[in-house]
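Novice: here is my input; please provide its structure:
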Amino acid sequence: MVLTWMAEGSFARVGALFGVSAMTVSRFAQMADVRAQLYASSPGRLGLADREEISRGLVAGLSFHQIARLIGRAPSTVSREVRRHGGRDRYRAAAAQVATGQRARRPKPTKFEQHPRLAAQVEAWLEHEQWSPEQISASLKEQFPDDLEMRVAGETIYQALYVHGRGGLRRELCRHLRSRRTDRRSRPETTRNRSSQSIPDLVSIAERPDEVAERLVPGHWEGDLVMGRNNKSQVLTLVERVSGFVRLGKLDSKHADVAAAKLQELIVSLPDELARTVTWDRGTEMADHAKFTMDTKVKVYFCDPYSPWQRGSNENTNGLLRQYLPRDTDLSQHSQDDLDAIAAKLNRRPRKRHGWKTPTMILDNHVLQ
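Specialist: Below is the predicted model of the structure:
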């Protein structure tokens, strides 16, 4: 109940109810990170009110089925919630709410970032013994039988080597594997994998300059296609990483030569300082990236397979675009003028991350500097 009052009232009001100062209530809120947890709840998940009902039900000696009926949830949901947060005797609503919010935070540290001793041992066996991830995983159990921190699955090692941003291991260690591949392929190779390999001479996002990831210098773009009804129409989207500035291009097809030509048209119209790099998904529409780079001097980097989060600015913007370009419509009906008008609306929209300035204002400020 205390947390509910804190969510609904001021610190002074809550303090008056309990005979303490507003500063005391404020310190309690900061220690528990209460407000962040309240906002972290979503309708499909247990919220603070649900957890308080669970806590009261446990004190009253109710069964999980009885508590589940009270809050309109499945008994298994209540059972998992209680087991995860200490059991019947130790369950506390506030602590469970805080712990849930902390687990939901992204990005999460990887296994090897949390356990540097484990990372050092895995790297040593990879580099000096050329053991496979499966052999390393089994050997850790044999050599460290009582140390649960020295445990890792072979698949986790593969992901740390091959998926940029999910690592904790040096990427060059993949050359010590038997295959010596710098990109991962599944076996048997599926049609989707073959299509991703049909992009010749692709350059991995791991080789992208550090200044791109830091978002300090404008002119680095993320690109993709948004698709219409039945994937039969498409629009090319570009988003500048520093400002969030959007450019849209009408496409008559998603053939590689058509997409590269439209991308070139959008890029060459920019000042040189705003045309540095492009980061793209592994769609075959960018198979002509080498010709595009030769003509524009703008290098194209490709995300890891199945890793759209590596071009998050573009993914978020594509979500905003669905307000104007719904998925179940024919996007070919929109002219280039229509797309320019939609982009202008997005570029005039205030953004919280820019202190409510617009992408146009942010980009103009960088150019003037």
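
Novice: three-state assignment of residue 223?
Specialist: Three-state assignment for residue 223 (DSSP: H, G, I helix; E, B strand; the rest coil): strand.

Novice: neighbours around it, how many?
Specialist: Residue 223 has 24 neighbouring residues, counting by other C-beta atoms under 10 Å. In short, each C-beta sits where N, CA and C put it, glycine included.

Novice: same deal with residue 355?
Specialist: Residue 355 has 8 neighbouring residues, counting by other C-beta under 10 Å.

Novice: can you check residue 322 too?
Specialist: Neighbourhood size, residue 322 [other C-beta under 10 Å]: 11.

Novice: what sits closest to the residue minimising distance to the centre of the chain if chain neighbours are left out?
Specialist: Of all residues in the chain, the one closest to the mean position by C-alpha atoms, centre = their mean is residue 309, 4.1 Å from it. Nearest non-adjacent residue to residue 309, counting by C-beta to C-beta, 6 or more residues apart in numbering: residue 315, 7.1 Å away.

Novice: and the one you found, helix, strand or coil?
Specialist: helix.

Novice: count of residues packed around it?
Specialist: When neighbours are counted by other C-beta under 10 Å, residue 315 registers 16.

Novice: and for residue 92?
Specialist: Using other C-beta under 10 Å, residue 92 is surrounded by 15 other residues.

Novice: right, and it touches residue 86 too?
Specialist: Yes - Residue 92 is within contact range of residue 86, at 7.3 Å (criterion: C-beta atoms under 8 Å).

Novice: next up, phi/psi of residue 234, please.
Specialist: Backbone torsions for residue 234, taken as degrees, to the nearest 10, come to phi -150, psi 160.

Novice: correction: residue 320
Specialist: When quoted as degrees, to the nearest 10, the phi and psi of residue 320 stand at phi -60, psi -40.

Novice: enumerate every residue touching it.
Specialist: Contact analysis of residue 320 by C-beta atoms under 8 Å, 6 or more residues apart in numbering lists residue 346.

Novice: find the nearest non-adjacent residue to residue 212, please.
Specialist: Counting by C-beta to C-beta, 6+ apart, residue 220 is the residue found nearest to residue 212 once chain neighbours are left out, at 4.5 Å.

Novice: show the pLDDT at that neighbour.
Specialist: Note for residue 220: predicted pLDDT of 96.

Novice: how deep is it tucked in, by neighbour count?
Specialist: Neighbours of residue 220 (other C-beta under 10 Å): 25.

Novice: could you pull out the helices for the stretch 251-369 of the chain?
Specialist: 256-268, 289-296, 312-321, 336-347, 359-368 (DSSP state H, counting those that start in this stretch).

Novice: could you say what helices and strands the second one packs with?
Specialist: So that's helix 289-296. Helix 289-296 sits against helix 256-268, strand 299-302, with contacts defined as 3 or more C-beta pairs under 8 Å, 6 or more residues apart in numbering; DSSP states H and E.

Novice: pick the most deeply packed of the ones you listed.
Specialist: Of all those, strand 299-302 has the most neighbours on average by mean count of other C-beta atoms under 10 Å, namely a mean of 21.

Novice: helices or strands next to that one in the packing?
Specialist: On a contact count with 3+ C-beta pairs under 8 Å, 6+ apart, strand 299-302 meets strand 277-280, helix 289-296.

Novice: contact partners of that strand?
Specialist: With C-beta under 8 Å, 6+ apart, strand 299-302 has contacts from 199, 202-205, 207-208, 212, 277-282, 286, 289, 292-293.

Novice: any idea how far the residue nearest to residue 212 lies from residue 209?
Specialist: Residue 220 sits at a distance of 8 Å from residue 209 (criterion: C-beta to C-beta, to the nearest Å).

Novice: please enumerate the shared neighbours of those two.
Specialist: residue 277.

Novice: for the chain, give me the ranges with low pLDDT.
Specialist: Applying pLDDT under 70 to the chain flags residues 1-11, 14, 17-18, 25-44, 106-107, 164-167, 182-197, 368-369.

Novice: mind doing that once more with 80?
Specialist: Across the chain, the ranges flagged by pLDDT under 80 are 1-44, 102-109, 163-168, 171, 174, 176, 178-198, 366-369.

Novice: so what's the residue nearest to residue 309 up against?
Specialist: Taking C-beta under 8 Å, 6+ apart, we find residue 315 in contact with 224, 308, 309.

Novice: next: residue 58.
Specialist: Contacts here follow C-beta under 8 Å, 6+ apart; on that basis residue 58 touches 67, 82, 88, 91.

Novice: the same query, at a cut-off of 7 Å, please.
Specialist: Residue 58 sits next to 82, 88, 91 when contact means C-beta atoms under 7 Å, 6 or more residues apart in numbering.
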